[in-house]
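> What shape does this take:
(one chain, ligands or ions: 1)
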Amino acid sequence: MSTYKYATLFLARNISVNQTRTFFSNLKCLDVTINRENGVAYVLMKHPPVNTLNMQLISELSLTLSNLEKSKCQGMILSSIFDKVFCSGLDLNELLKPKPERVKGYFSTFQELVIQLYGSSFPTVAAMTGHSPAGGCVLGMCCEYRVMKKNSQIGIPGSRMGIALPRYIVNLMSSTIGLRNAELMLTKGKILNTDEALKVGLIDEIANDRTDAIRKAEDFLKEYEMIAPLARGITKRIIRRSIIEDVKMNGAADLENFVSVIMLPEVQEKLDMYMYNLKNRKRD
Ligand SMILES: CC/C=C\C/C=C\CCC/C=C/CC(=O)SCCNC(=O)CCNC(=O)[C@H](O)C(C)(C)COP(=O)(O)OP(=O)(O)OC[C@H]1O[C@@H](n2cnc3c(N)ncnc32)[C@H](O)[C@@H]1OP(=O)(O)O
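Numbers count the residues shown, from 1 in each chain. Take a look at the predicted model:
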């Protein structure tokens, strides 16, 4: 990230650049810094133009989470350097006309990332600076708290794309917004605006802009400063255990099933149309 962007991000929140340290310098799709004073890690996605989750971004997120676990960080804010988009989801190019082994590897890496983020010992907040469709919504749901910039959209359009979602994604959505709302949202492939997402509990707060989103994320983490990290971490794991155990038990079969559905000609046709519409839609 440019010095200018750091300055605007940190100075806007009264944190000087000197109070932070760059955690990794060799990442291509992420900026990771840690505030020395409170141990909070800022993980900012910066994969242009819209933070599509290609293999590189997924792998860097996974590596970063492993390192944050080792470094005993006190909390993580997952965000984006882009003002309009938090994360545009999985890379549609990986889903179109895929080679079975390649697509299996891709989804299995994403599945591992989901479990890693969902099961992390430290507190996590998604400061969603903009739209968060599909995989972007999943990243947000893995965090413990979600702040989203106003006038953004969030949801998982799987059904509309002809994709039957894997079980752990359905479980994740159900645990976030309840079974009934999850059923309505996922079977319709519904995308919600910020107000609708707040109402249903898919996000926890609305922010005016990215600075406000980061500030609200920090406020959430501050509430844990007086809580013993070990007790907190264990409690979180107990609450999240059933989904994690379920993936361990059924993840491989789920993956096989998911890949065979993705390869079906009618699903490929639908995905092709979806991509065509994305490329040719009117931009706002
Ligand atoms: C056991 C089984 C294991 C795993 C199963 C896993 C997971 C299930 C998880 C849930 C399901 C996930 C499926 C997906 O995530 S598929 C991706 C779905 N994403 C979308 O539908 C979002 C599409 N993008 C948008 O709506 C817009 O791009 C967005 C609102 C994010 C931003 O709009 P903006 O106008 O700012 O930018 P654009 O001009 O649209 O985009 C810029 C260029 O980027 C391309 N693009 C955007 N998103 C994607 C993507 N997801 N994949 C590939 N390419 C993407 C877009 O086409 C533009 O390209 P150009 O036209 O400039 O060439």
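
> I'd say Val147 and Ile206 touch.
Yes. The pair Val147 / Ile206 is scored as a contact, 7.5 Å apart, by C-beta atoms under 8 Å. Just so you know, the C-beta spots here come from the backbone N, C-alpha and C atoms, and that holds for glycine as well.

> For the stretch 51-200 of the chain, which segments count as strands?
Shown for the stretch 51-200 of the chain, the strands assigned by DSSP state E, counting those that start in this stretch span residues 75-80, 124-128, 132-133, 145-149, 153-155, 191-193.

> so who does Asn280 touch?
Asn280 makes no contacts at all, as judged by C-beta atoms under 8 Å, 6 or more residues apart in numbering.

> can you list the residues of the stretch 1-150 of the chain near the ligand?
49-50, 52, 84-85, 88-93, 107, 110-111, 131, 133-135, 138 (C-beta under 6 Å from any ligand atom).

> Make a PyMOL selection of whichever of the residues you listed turn out to be buried.
Applying 16 or more other C-beta atoms under 10 Å to these, the buried members can be selected in PyMOL as follows:
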select buried, resi 50+52+85+88+89+90+91+92+107+110+111+131+133+134+135+138
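
> how near is the residue nearest to Ser62 when sequence neighbours are not counted to Gly119?
Nearest residue to Ser62, sequence neighbours excluded (C-beta to C-beta, 6 or more residues apart in numbering): Leu113, at 4.9 Å. To Gly119, Leu113 is 11 Å away according to C-beta to C-beta, to the nearest Å.

> between those two, which one's more packed in?
Comparing Leu113 with Gly119 by other C-beta atoms under 10 Å, the one with more neighbours is Leu113, at 22 against 18.

> any idea how far that one lies from Val32?
From Leu113 to Val32 the distance is 15 Å (C-beta to C-beta).

> likewise Phe86?
For Phe86 relative to Val32 (C-beta to C-beta), the value is 16 Å.

> Please apply the same query to Phe220.
Phe220 is 19 Å from Val32, by C-beta to C-beta.

> Among the residues of the stretch 1-150 of the chain next to the ligand, name the ones in helices.
92-93, 107, 110-111, 135, 138 (DSSP state H).

> With respect to Asn26, which of those is nearest?
Closest to Asn26 out of these is Phe110 (22.1 Å), distances taken as C-beta to C-beta.

> which ones are touching the closest residue to that closest one other than its chain neighbours?
Excluding its sequence neighbours, the residue lying closest to Phe110 (C-beta to C-beta, 6+ apart) is Ile58, at 5.6 Å. Taking C-beta under 8 Å, 6+ apart, we find Ile58 in contact with 106, 109-110, 113.

> In TSV: the residues you listed, plus pLDDT.
Formatted as TSV, those follow (pLDDT from 0 to 100):
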residue	pLDDT
Tyr106	95
Thr109	96
Phe110	96
Leu113	97
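
> Pull up the gap between Ile34 and Ala127, please.
16 Å.

> When the two are compared, which one has more neighbours?
The neighbour comparison of Ile34 against Ala127 (other C-beta under 10 Å) goes to Ala127, with 31 against 21.

> shouldn't that one be in contact with Thr211?
No. When contacts are counted by C-beta under 8 Å, Ala127 is not listed as touching Thr211 (9.7 Å).
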